[in-house]
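Engineer: Need a 3D model of the sequence below.
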Amino acid sequence: MMKAWRERSELLLNRRTRAVGGLVVVCGLLWRLYIASHYYLNPDEAMHFTIAAHDWHGWAGFYRNAASTFHPPLFIAVLQGILFFGRSECLLRLVPAVAGALFPWFSMLWVQRFAGNAAALCAQLVLTFSPALINLSAEVRGYTLAFLFFSIGLVLLEEALDHGGSRYMIWFHVFLYLAILTEYCVAWFVAAVGVYALLRLSRKPAPSRLRATWVLGQVGALSLYLFLYITHISKFSHSAVDNMYSTWLGGDLPQSQAHLLVFALKGTYRQFSYLFQIRLLAWLGAVAFLLGLFKLWRDKLHLYAVLLVLPFCLACLGAIFHLFPYGDTRHTALLGMAIAAGSGIGISALSRKHILPILTVAPPIILIWNILAADSSLTIPRDRHQLTAMREGIEFLHSSVPSGSVIVTDVGTDLILGSYLGCPDYEFDDPDEGYRMRQCAEFHFVVAPTFQFNGPADLGETFSQAKTKYHLEQPLWVAASGFDIRVANPVSESRPFGKAIAIFRDTDLVAPVVSP
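Structural biologist: Okay, here's the model as predicted:
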């Protein structure tokens, strides 16, 4: 009787795979919206909000504004549309959250076409409930929107190649262009899909109209990248890029003394580490991925195996040539689609393509997974990222800091405070220009040319230089927040909001001001 029940349940799940996937989408979206509504904007999110909130005149003005980041311009345009409806944290994060819940569903539709229902649902579960992707889609960033465009494009491409429909090929390129205009990180998968489609078209007869459409579409994609390079990428500040690659992204590029093979192997493992966050799950995911590749190769689905491996190879080459980081960061998060697909196929093989056992063990694993997953080193720890704490800090500024006071801060904190005080400042993108003083609400902000203070000594040096530059005599205030507060002070730590933002007078500094 139990066997008959399992068989009926399995049959129903296979018939209603997309409906089950829809339920997963709802659960994933609710999870993301909860996170989106409980945490304050980090400096990067505040930067995107600041650019979108800035007044611009005409398309040229918009493009200049949008090109102030290291990302293509489309997400800023989307964010500007959102600002017509409000400026709450949840609303600003709504598009990334919806996209983050939806792109795993389209990935499921893609995997379903060549690997079956069990593998497809497993891939969707991994992408939907990965702690890294949950956090990424609950931030004001364009990554998950690009992933959504790309996953839709993959489904359309498969439809075009399977049935020879040039209309689907046109729509594939439309969504491909949207992905390209949203994030540069899709480039490796774009190139891999181009190779995959070329091999598919060359291996079996295809309508000439379909071939012509694909060729023209690829020419359009190359032209789009050329346009972005000329108008945007080539204008990146070399000092800003070098600063990123020599500090927090330094480990994601091969160093001069490192062996390239070792870097490639470590970098590839770190892709699994980013997606799964827990070392044991990362290793299990890598084993399942290899098993999935073996299964594809054994079933003579060679091109799909190539499609899953090639983005890793191209992304690694990009890092070797110092074009793009290749490590456990959001910059290569799209590789998670390949990891989820391969791992899903491997797990499906272990479950003999049965959906019921996968769905039975998934809820407790997902819950434990997200409880045990540590906060990424590149995000603000949750215990000091509470929105209520930032609101208390802003209230303290208004109630306890005298009007007209001078507040010394760094670039990251200035972006956050500008967002919450209602005076986002657009001129933040070139710290090499030195200190800035600006009016914000009833305060005067002196913004140091550093993204965040690196301890009391650094803050003391900042005070000394700021006082000399602006002839400041009165007692000053300090505000420090962002990804990491490295300026510890007992006065600020004793306040409820002290973990989120340190606000104190310079006379309360534990370390003495360092003279130049």
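
Engineer: Any regions of the stretch 401-516 of the chain where pLDDT drops low?
Structural biologist: Across the stretch 401-516 of the chain, the ranges flagged by pLDDT under 70 are 426-433, 493, 508-516.

Engineer: Mind jotting down where the helices sit in it?
Structural biologist: 411-421, 456-470, 490-493 (DSSP state H, counting those that start in this stretch).

Engineer: Rebuild those as JSON lines, extending it with mean neighbour count and distance to Ala221.
Structural biologist: All C-beta spots, glycine's among them, are computed from the backbone N, C-alpha and C. Below are those laid out as JSON lines (neighbours: other Cβ atoms under 10 Å; distance: least, Cβ to Cβ, whole Å):
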{"stretch": "helix 411-421", "mean neighbour count": "25", "distance to Ala221": "33"}
{"stretch": "helix 456-470", "mean neighbour count": "17", "distance to Ala221": "45"}
{"stretch": "helix 490-493", "mean neighbour count": "15", "distance to Ala221": "50"}
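
Engineer: is it possible to export those helices to JSON lines including distance to Arg64?
Structural biologist: Formatted as JSON lines, those follow (distance: least, Cβ to Cβ, whole Å):
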{"stretch": "helix 411-421", "distance to Arg64": "19"}
{"stretch": "helix 456-470", "distance to Arg64": "29"}
{"stretch": "helix 490-493", "distance to Arg64": "38"}
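
Engineer: closest one to Gln257 among these?
Structural biologist: Nearest of the helices of the stretch 401-516 of the chain to Gln257, taken as Cβ to Cβ: helix 456-470 at 29.0 Å.

Engineer: And the helices of the stretch 401-516 of the chain: which comes nearest Phe175?
Structural biologist: helix 411-421 (31.3 Å).

Engineer: what's that closest one packed up against?
Structural biologist: Counting contacts by 3 or more Cβ pairs under 8 Å, 6 or more residues apart in numbering; DSSP states H and E, helix 411-421 packs against helix 43-53, helix 387-400, strand 436-440, strand 443-447, strand 477-480.

Engineer: Let me have the ones you listed in JSON lines, extended by distance to Gly292 and mean neighbour count.
Structural biologist: Output for the helices and strands packed on helix 411-421, formatted as JSON lines (distance: least, Cβ to Cβ, whole Å; neighbours: other Cβ atoms under 10 Å):
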{"stretch": "helix 43-53", "distance to Gly292": "34", "mean neighbour count": "22"}
{"stretch": "helix 387-400", "distance to Gly292": "40", "mean neighbour count": "16"}
{"stretch": "strand 436-440", "distance to Gly292": "52", "mean neighbour count": "15"}
{"stretch": "strand 443-447", "distance to Gly292": "50", "mean neighbour count": "23"}
{"stretch": "strand 477-480", "distance to Gly292": "46", "mean neighbour count": "23"}
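
Engineer: what would these look like in CSV with distance to Leu359?
Structural biologist: Output for the helices and strands packed on helix 411-421, formatted as CSV (distance: least, Cβ to Cβ, whole Å):
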stretch, distance to Leu359
helix 43-53, 34
helix 387-400, 34
strand 436-440, 51
strand 443-447, 52
strand 477-480, 47
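
Engineer: Out of the ones you listed, the one nearest Leu33 is which?
Structural biologist: Closest among those, once you apply Cβ to Cβ, is helix 387-400, at 13.5 Å.

Engineer: So Ile485 sits against Ala502, correct?
Structural biologist: Yes: between Ile485 and Ala502 there is a contact at 5.3 Å, judged by Cβ atoms under 8 Å.

Engineer: Distance of the nearest residue to Leu301 once chain neighbours are set aside relative to Tyr63?
Structural biologist: By the measure of Cβ to Cβ, 6 or more residues apart in numbering, the closest residue to Leu301 outside its immediate chain neighbours is Phe114, 6.0 Å from it. Here the criterion is Cβ to Cβ, to the nearest Å. By it, Phe114 lies 39 Å from Tyr63.

Engineer: Among those two, which residue is more densely surrounded?
Structural biologist: Phe114 (18 against 15; other Cβ atoms under 10 Å).

Engineer: list the helices and strands the strand or helix carrying that one packs on?
Structural biologist: Taking DSSP states H and E as the definition, Phe114 sits inside helix 94-115. Judged by 3+ Cβ pairs under 8 Å, 6+ apart, helix 94-115 is in contact with helix 17-36, helix 74-82, helix 117-129, helix 131-137, helix 143-163, helix 335-350.

Engineer: Now the helix or strand following the second one - C-alpha only, CSV.
Structural biologist: This points to helix 74-82. Heading C-terminal from helix 74-82, the first helix or strand you meet, by DSSP H and E, is helix 89-92. In CSV, the C-alpha atoms belonging to helix 89-92 read as follows (Å, rounded to 0.1, in the frame of the first residue of the first chain):
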residue,chain,number,x,y,z
GLU,A,89,14.2,49.6,1.9
CYS,A,90,11.7,46.9,0.9
LEU,A,91,10.5,48.8,-2.2
LEU,A,92,14.0,49.6,-3.3
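
Engineer: tell me which residues of helix 89-92 are tucked away?
Structural biologist: Buried residues in helix 89-92, defined by neighbour count with 16 or more other Cβ atoms under 10 Å: 89-90, 92.

Engineer: what's next to it, contact-wise?
Structural biologist: Identification of contacts with helix 89-92 by Cβ atoms under 8 Å, 6 or more residues apart in numbering yields 33, 36-37, 39-41, 45, 49, 79, 82, 85, 140, 387.

Engineer: one more time with 7 Å, if that's ok
Structural biologist: 33, 36-37, 40-41, 49, 82, 85, 140, 387 (Cβ atoms under 7 Å, 6 or more residues apart in numbering).

Engineer: Turn the helices and strands packed on helix 94-115 into a markdown table, columns for mean pLDDT, distance to Val478 and mean neighbour count.
Structural biologist: A markdown table is the format used below for these (pLDDT from 0 to 100; distance: least, Cβ to Cβ, whole Å; neighbours: other Cβ atoms under 10 Å):
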| stretch | mean pLDDT | distance to Val478 | mean neighbour count |
| --- | --- | --- | --- |
| helix 17-36 | 94 | 29 | 18 |
| helix 74-82 | 92 | 30 | 18 |
| helix 117-129 | 96 | 40 | 27 |
| helix 131-137 | 94 | 29 | 24 |
| helix 143-163 | 96 | 33 | 23 |
| helix 335-350 | 95 | 39 | 26 |
